[in-house]
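1. With the sequence up front, the predicted model follows.
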Protein chains: 2
Amino acid sequence: MNFKIKFSGRGHNYTEKELNIVREAMQKADPLTQGVYRDKFEEKFCEYIGSKYSFTVSNATNALELTAQLCLFNEGDEIICPSHTFTASLYPFIKKGAKPVWADIDEETRVISLENIKKKVTNKTKAIIAVHLYGYCINDIKEIADYAKEKNILLIEDVAQALGTEINGKKAGTFGDFGIFSFHSHKNMTTLGEGGMLIVKEKKYADIIPLLRHNGHTSFDFERDYYWQPAMGNVDLPELEGNILFPNNYCMGEIECALGIELLERIDNMNNEKRKRAIFFIDSLSENKLLKFHRIESKQHNYHLLVAKVNNNKRDEFINKMAFEKGIQCVVQYYPLNRYDFYKKLNYNDAGCPNADSFYDNMISFPFQLWMSKEELNYMLKSTKEVIEQLS
Amino acid sequence: MNFKIKFSGRGHNYTEKELNIVREAMQKADPLTQGVYRDKFEEKFCEYIGSKYSFTVSNATNALELTAQLCLFNEGDEIICPSHTFTASLYPFIKKGAKPVWADIDEETRVISLENIKKKVTNKTKAIIAVHLYGYCINDIKEIADYAKEKNILLIEDVAQALGTEINGKKAGTFGDFGIFSFHSHKNMTTLGEGGMLIVKEKKYADIIPLLRHNGHTSFDFERDYYWQPAMGNVDLPELEGNILFPNNYCMGEIECALGIELLERIDNMNNEKRKRAIFFIDSLSENKLLKFHRIESKQHNYHLLVAKVNNNKRDEFINKMAFEKGIQCVVQYYPLNRYDFYKKLNYNDAGCPNADSFYDNMISFPFQLWMSKEELNYMLKSTKEVIEQLS
């Protein structure tokens, strides 16, 4: 059907400057991949986020695939993960042999908490995936990091939706051992639809990520008399703590990197604008009893998505009215992973995460792309008020 | 050092029309990945190549990774591969459990041949990788395909360098079970530096590639009352002949696809132009005894690269003079895989491919990017003649 306001798969538009940067890079870049724009984007990302090492990758899933390799899972090793997340937060770890152990989300914040993680830690726990879902930086992420360190558990932060969020000036992604960022089409900042970044703290990872990312390409470890002898470059098999790791090809192109450099200049503005709109929307509905939002008026939330819990089992009715009476395409996110066929077939169907199930079964996600006009936002607010009125 | 003519990592420039198509797609595409441009690019590629199913992927290595999954290797299964190729032609198959068996190249054509393949076939041979190296469509690719079919061996064509080449009107990539194409920065046609295409003949593969490519995303196999119930979409675990295959994220963005659609309009022209230049260069040196080219004046060769064997052990001297006296950066390609540390560490160091070794140790690859000017080409020809003179 044709919606007046659709739930767009595109997060934002490009400025004239950004269009020109792409044009210029298309004319000048040589090579068109793995060149100076990549280096500059990674350098600038390190500065922006406050990380020691940053690596561009073709998408965030592949940042997670690399992370999963670097975790060095042994048989029986467990990884703690919320069931309420996007499938790519988890499946790369299953591919590398980890056994998922579900942690429930907190009812209020809709993300995992130290309390819920602690309940699931065993002597087999090798890693934790902390997902800063909806653009909200997990409240106790520092405490989770301290706890993980004490227990010798690897902490992976999935910051795909929460780029630029922070707690006490420290940015999401910099608390754990690995930070994963997405520049996918739908995200707050997108590098032509695909793209991602992996940040790490430790040199042992940083040393081999370039090889793992790009076919094992590396330089020879000896002085050469000629640039072509014995070959233009070496191809090697990365090793981590005595374990062989096979390479991949997860390279991001130069044009995307050139664009990414520029987008970093305005990601804070884009986040601020989305937060401003979200707070306006939420506060305009502060008297309502039907929709329950998660209101955070600080850099801890970038409101990548605007979601609410619908009370009184009215969720489906609510979406239905919004869609078919108002022409507004609300959606539901994120199906608890254990309920997908993928996880059922692997016998991970029993998550025991009542908060995740209950939130999912009662939640709505409003269209909230940055390129939505003020008029559209106001129409959505007005329509939401009317539907609330009808259902109350 | 600063070369007058460098061996560029960028194959061609973009036309004003292509720059505008990218601009327009950046303004219009929604979503910016996995949308209508992808569908159109794939459809047009099917038409151009003459394939039943075409799938865009983030790069050719990932097309090979997908292919390696689809081959369903069991322990002990062998894959026949030339040692003289790019590492990504092979390593994805090793990752999936195949044991490489090296086939030598033909001295004249510098690619594998049916004769050399036959020598290496055993009852463990599960697949053959036929690499159309340098842009040359293997002369007996049809015979190789017929032989593979008869022996129930999967044939994978690595067409990364040979897009658009053909024999008797049938295009490289359409002979085997899988055809892999690259739109990497250096290639005859590049989608912003990264990108690739996988073509297959069989429906059983085509049915699951979309899931394998994109996180296992699929639709529910039942009618739904509401678009959000039980979820917006399903995530499933692809199966092939009873074997579980894990998904990946190998998606190509919409902007690259929009550009790819347009590039297909002029790939034949670009190939023709490169062939014309190569034939001019080769014929201008027809009297020389030092350099031995592979001359094919038909659509069977697109001259992605312009390579020659240097006789009389003069290779290093030749490159040296070209580089330091003429300022022209010739390179050497492709280091026989068994000589890289990667393959040595896996105990695949003994290839027994004397032709590959001999060719590699005596070959040069000239700078040959399409954007090289006529003056540069003439300067390179003049310089080559002078160096030949000096070394004769």
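-> Thanks, I have it. Numbering: from 1, shown residues only, chains lettered A, B, ... in the order given.

2. ok, now which ones touch the residue most central in space within chain A?
-> Most central in chain A under C-alpha atoms, centre = their mean is residue A:160, positioned 1.2 Å from the mean C-alpha point. Residues near residue A:160 by C-beta atoms under 8 Å, 6 or more residues apart in numbering or on different chains: A:60, A:86, A:88-89, A:131, A:180-182, A:184, A:187, A:196. C-beta here means a position set from N, CA and C on the backbone, and glycine is covered the same way.

3. again, but for residue A:34
-> A:214, A:251, A:254.

4. can you check residue A:356 too?
-> Per C-beta under 8 Å, 6+ apart, neighbours of residue A:356: A:82-84, A:102, A:104-105, A:336.

5. Let's see if you can find the most crowded of those residues.
-> The residue in these with the most neighbours, by other C-beta atoms under 10 Å in any protein chain shown, is residue A:82 (32 neighbours).

6. Return the per-residue confidence for that one.
-> pLDDT recorded at residue A:82 is 98.

7. Skip the chain neighbours and tell me the closest residue to it.
-> Nearest non-adjacent residue to residue A:82, counting by C-beta to C-beta, 6 or more residues apart in numbering or on different chains: residue A:112, 4.6 Å away.

8. now swap in residue A:281 and tell me
-> Using C-beta to C-beta, 6+ apart, the nearest residue to residue A:281 is residue A:381, at 5.9 Å.

9. Quick check: the one you found touching residue A:284?
-> Yes: Residue A:381 lies in contact with residue A:284 (C-beta atoms under 8 Å); the separation is 5.6 Å.

10. if we can go back for a sec, return only those of the contacts of residue A:34 found close to chain B.
-> Restricting those to those within reach of chain B (C-beta under 8 Å from any C-beta of the partner chain) leaves A:251, A:254.

11. Just among the contacts of residue A:34, which is most surrounded?
-> residue A:254 (29 neighbours).

12. Does it touch residue B:184 like I think?
-> No: using C-beta under 8 Å, residue A:254 is not in contact with residue B:184; the gap is 11.7 Å.

13. count of residues packed around residue A:107?
-> Neighbour tally, residue A:107, other C-beta under 10 Å: 14.

14. where's it relative to residue B:228, distance?
-> 21 Å (C-beta to C-beta, to the nearest Å).

15. cool, residue A:196 as well?
-> From residue A:196 to residue B:228 the distance is 27 Å (C-beta to C-beta).

16. Comparing those two, which residue is more hemmed in?
-> residue A:196 (26 against 21).

17. Surely the more buried one touches residue A:183?
-> Yes: the pair residue A:196 / residue A:183 is scored as a contact, 6.0 Å apart, by C-beta under 8 Å.

18. intersection of neighbour lists for the two?
-> With C-beta under 8 Å, 6+ apart as the test, residue A:196 and residue A:183 both reach residue A:60.

19. in which helix or strand would I find the closest residue to chain B within the stretch 151-300 of chain A?
-> Residue nearest to chain B within the stretch 151-300 of chain A (C-beta to the nearest C-beta): residue A:193, separated by 3.0 Å. Assessed by DSSP states H and E, residue A:193 sits outside every helix and strand.

20. contacting residues around it?
-> Residue A:193 sits next to A:184-185, B:29, B:31-33, B:253-255 when contact means C-beta under 8 Å, 6+ apart.

21. can you pull out the helices in the stretch 51-200 of chain A?
-> A:60-70, A:91-95, A:114-118, A:141-150 (DSSP state H, counting those that start in this stretch).

22. how far is the third one from where the chain is centred?
-> Between the mean C-alpha point of helix A:114-118 and the mean C-alpha point of its chain there is a distance of 21 Å (C-alpha atoms, centre = their mean, to the nearest Å).

23. Next up, phi/psi of the residue nearest to the centre of chain A, please.
-> When read as degrees, to the nearest 10, the backbone of residue A:160 gives phi -50, psi -40.

24. Which residue is the nearest non-sequential neighbour of residue A:104?
-> Residue A:104 sits nearest to residue A:353 (C-beta to C-beta, 6+ apart), 4.0 Å away.

25. That neighbour: how many residues sit nearby?
-> Count around residue A:353 with other C-beta under 10 Å applied: 22.

26. Show the residue spans covered by the strands in the stretch 1-150 of chain A.
-> A:53-57, A:78-82, A:99-103, A:125-131 (DSSP state E, counting those that start in this stretch).

27. Where do the strands of the stretch 201-350 of chain A begin and end?
-> Counting by DSSP E, counting those that start in this stretch, the strands of the stretch 201-350 of chain A are A:217-218, A:234-235, A:239-240, A:243-244, A:291-293, A:306-310.

28. tell me which parts of the stretch 251-392 of chain A are close to chain B?
-> A:251-256, A:316, A:319-320, A:323, A:330-333, A:335, A:337, A:339-343, A:345-346.

29. One more pass at 6 Å, please.
-> Contact residues, the stretch 251-392 of chain A versus chain B (C-beta under 6 Å from any C-beta of the partner chain): A:251, A:253-255, A:319, A:331-332, A:335, A:340-342, A:345.

30. Out of those, grab the one that's most surrounded.
-> residue A:253 (35 neighbours).

31. Residue B:191 is in contact with that one, correct?
-> No: applying C-beta atoms under 6 Å as the test, residue A:253 and residue B:191 come out as separate, 8.3 Å apart.

32. Can you pull out the residues in contact with stretch A:271-283?
-> A:164, A:293, A:295, A:297, A:302-303, A:306, A:381 (C-beta atoms under 6 Å, 6 or more residues apart in numbering or on different chains).

33. Turn those into JSON lines, including neighbour count and pLDDT.
-> Formatted as JSON lines, the contacts of stretch A:271-283 follow (neighbours: other C-beta atoms under 10 Å in any protein chain shown; pLDDT from 0 to 100):
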{"residue": "A:164", "neighbour count": "24", "pLDDT": "98"}
{"residue": "A:293", "neighbour count": "19", "pLDDT": "98"}
{"residue": "A:295", "neighbour count": "11", "pLDDT": "98"}
{"residue": "A:297", "neighbour count": "12", "pLDDT": "97"}
{"residue": "A:302", "neighbour count": "29", "pLDDT": "98"}
{"residue": "A:303", "neighbour count": "27", "pLDDT": "98"}
{"residue": "A:306", "neighbour count": "22", "pLDDT": "98"}
{"residue": "A:381", "neighbour count": "16", "pLDDT": "98"}
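
34. Output the below-cut-off pLDDT ranges for the stretch 101-250 of chain A.
-> Scanning the stretch 101-250 of chain A for pLDDT under 70 picks out nothing.

35. interface residues of it facing chain B?
-> Counting by C-beta under 6 Å from any C-beta, the stretch 101-250 of chain A sits next to chain B at A:185, A:190, A:192-194, A:215-216, A:228, A:231-232, A:234-237, A:246, A:249.

36. Taking those together, which two end up most distant?
-> Greatest spatial distance among these (C-beta to C-beta): A:185 and A:228, at 41.2 Å.
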